[in-house]
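J.: here are the coordinates; sequence isn't available:
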């Protein structure tokens, strides 16, 4: 389960990093174009560290467990050939059902307010998540969390400032920010619900107790929304499934673009 737990974190970082990277060259102003591109790179860098560790865990498994870990024919072909998998294989050769990222991370960018709302919810949660994970009994995860916390601290400050700027700005910016906050809210419940892998990680001493950080996240979100003169959404049905490999139709389009080169030209390297 430590493999699935690690992949959970890696998949979140990869998919959100990919989504955010779609803004490169399209930011509202040059400064923010650079800022959001750097944020995407932070997420992709974290994904790489986690995939490297996940590959180590996977390669240590008995062959029987390797072949049952993923549905990917390409991954199973590597196992059958006795070839160790690496970070690129885990990112580019797994199928949609093998990914365990939050549904929140795969939602389309929409307008600038929509992108900010998605990042704000994610950043606020992971600030507290990595604060706890850096004390994990798993040295590799603790080290990655400590580095990620430094980046996430900046990400949260950046996304919070934009929520406040748009929410407490013009009538139009306020309206768009409120709509984005409302539309993305339905995907936040999944962050606060522990999957089987997360429950096992917590029981084993290397995971995070989401029940303890949920109120911290809720308080931070409310604090920022109050300052932004925005209303906290309530009573919305919460979407689930990403942590269990059940994704929205958006995931297929993401993987089709992200994995095309490796799928079209297997084994190619830089």
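T.: Right, received. Where do you want to start? What you are looking at is a predicted structure, and each value in this text was computed from that prediction instead of being measured. Residues are numbered from 1 along each chain as shown.
J.: in this protein, what spans have low per-residue confidence?
T.: 1, 269-270 (pLDDT under 70).
J.: Tell me which stretches of it form strands.
T.: For the chain, applying DSSP state E gives no strands.
J.: would you list every one of the helices in it?
T.: 2-21, 30-59, 63-69, 73-80, 87-92, 112-133, 139-167, 171-185, 196-204, 210-227, 249-258, 260-264 (DSSP state H).
J.: and those as TSV, adding mean neighbour count and distance to residue 99?
T.: Backbone N, C-alpha and C define where each C-beta goes, glycine included. What follows is the helices of the chain, written out as TSV (neighbours: other C-beta atoms under 10 Å; distance: least, C-beta to C-beta, whole Å):
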stretch	mean neighbour count	distance to residue 99
helix 2-21	24	5
helix 30-59	18	12
helix 63-69	13	13
helix 73-80	16	12
helix 87-92	20	10
helix 112-133	23	16
helix 139-167	19	19
helix 171-185	18	20
helix 196-204	17	13
helix 210-227	16	20
helix 249-258	15	7
helix 260-264	12	15
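J.: Contacts only, for residue 102.
T.: Neighbouring residues of residue 102 by C-beta atoms under 8 Å, 6 or more residues apart in numbering: 12, 122, 187, 190-191, 242-243.
J.: I'd like the distance between residue 202 and residue 137.
T.: 11 Å (C-beta to C-beta, to the nearest Å).
J.: quick one, what contacts the residue lying closest to residue 41 once chain neighbours are set aside?
T.: Distance criterion C-beta to C-beta, 6 or more residues apart in numbering; nearest residue to residue 41, sequence neighbours excluded, is residue 17 at 7.5 Å. For residue 17, the contact set (C-beta under 8 Å, 6+ apart) comprises 40-44, 46-47.
J.: Looking at those residues, which is nearest residue 234?
T.: Lowest distance from residue 234 to the contacts of residue 17 (C-beta to C-beta) belongs to residue 43, with 29.1 Å.
J.: ok, the closest one touching residue 9?
T.: No - using C-beta atoms under 8 Å, residue 43 is not in contact with residue 9, being 10.9 Å away.
J.: one step back: what's the closest of the contacts of residue 102 to residue 249?
T.: residue 242 (12.8 Å).
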